[in-house]
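Asks: Sequence and predicted structure below; questions after.
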Amino acid sequence: AFVDGPPSLVFSTDKGRPYRVRLCDGTTWWEGPEVASDASMQPEFSTGGMIVGPNGVAYGTTNFKNSSGTFGLLSAFNLANGNVLWRRPLAMEANNAPSIGRLGLGSSDGLSIVVAIGANPGWPK
C-alpha cells in the first residue's frame, strides 16, 4: 500500500511480517514483528497483504497454524513505527488484503474492516 508523507510503501512477507520502505531511497523505515512462533501458533504461508486506513493504521492479513489446522490472522500496526496495535484470529485462512472504509452514509460512522477468508483456489486445469 502506498503511504503519503513521506512517500513510502507498506507490505508484508508471505509469513506476515510487515515492513515500511521509503520510496526516495529504498531504506527500511520499520520492520514489524512476525507472527509469534511457539507451540500454540506457527506462521504459515499466505498471499495476504497490507492496506493503510485513513486513521494512520496499517492493516494486514496472514495465516498461522496450530494443532487444529490453519487459520487467518488480521493485525493492526501503528503506521509510524510498526508496533502491533491488535491482532484478531479468523475462522479460516486469510489470503488477500483487507478492505477498510465506512459502511454507513454519515461521515461520523466508524471504520469497518472486511476480509474475505478461505483457502487459496487452485490453478485452473
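Replies: Here it is on my side, so go on.
Asks: measure Leu103 to Phe64 for me?
Replies: Remark: distance between Leu103 and Phe64 (Cβ to Cβ, to the nearest Å) = 28 Å. To be clear about C-beta, it is placed using only N, CA and C from the backbone, and glycine gets the same treatment.
Asks: same question, Asn55
Replies: 25 Å.
Asks: if you count what's nearby, which of the two comes out ahead?
Replies: When Asn55 and Phe64 are compared for neighbours, Phe64 comes out ahead with 24 against 11, by other Cβ atoms under 10 Å.
Asks: Run through the bridge partners of that one.
Replies: Judged by DSSP bridges, the bridge partners of Phe64 are Pro43, Phe71.
Asks: Can you tell me what sits against the lowest-mean-pLDDT helix or strand in the chain?
Replies: Among the helical and strand segments of the chain, the one scoring lowest on mean pLDDT, DSSP states H and E is strand 2-3, with a mean of 80. With contacts defined as Cβ atoms under 8 Å, 6 or more residues apart in numbering, strand 2-3 is touched by 8-10, 20, 52, 79.
Asks: what are the pairing partners of it, and which direction each?
Replies: strand 8-12 (antiparallel).
Asks: for the strand it pairs with, which positions count as buried?
Replies: 8-10, 12 (16 or more other Cβ atoms under 10 Å).
Asks: Burial check on the closest residue to Ile117 other than its chain neighbours, number of neighbours?
Replies: Counting by Cβ to Cβ, 6 or more residues apart in numbering, the nearest residue to Ile117 once its immediate chain neighbours are dropped is Met92, at 4.1 Å. By the criterion of other Cβ under 10 Å, Met92 has 15 neighbours.
Asks: before we move on, what about Lys65?
Replies: 14.
Asks: Could you do Asn63 as well?
Replies: Asn63 - counted by other Cβ under 10 Å - has 27 other residues nearby.
Asks: I'd guessed it sits against Phe71; true?
Replies: Yes. With contact defined as Cβ atoms under 8 Å, Asn63 reaches Phe71; the gap is 6.7 Å.
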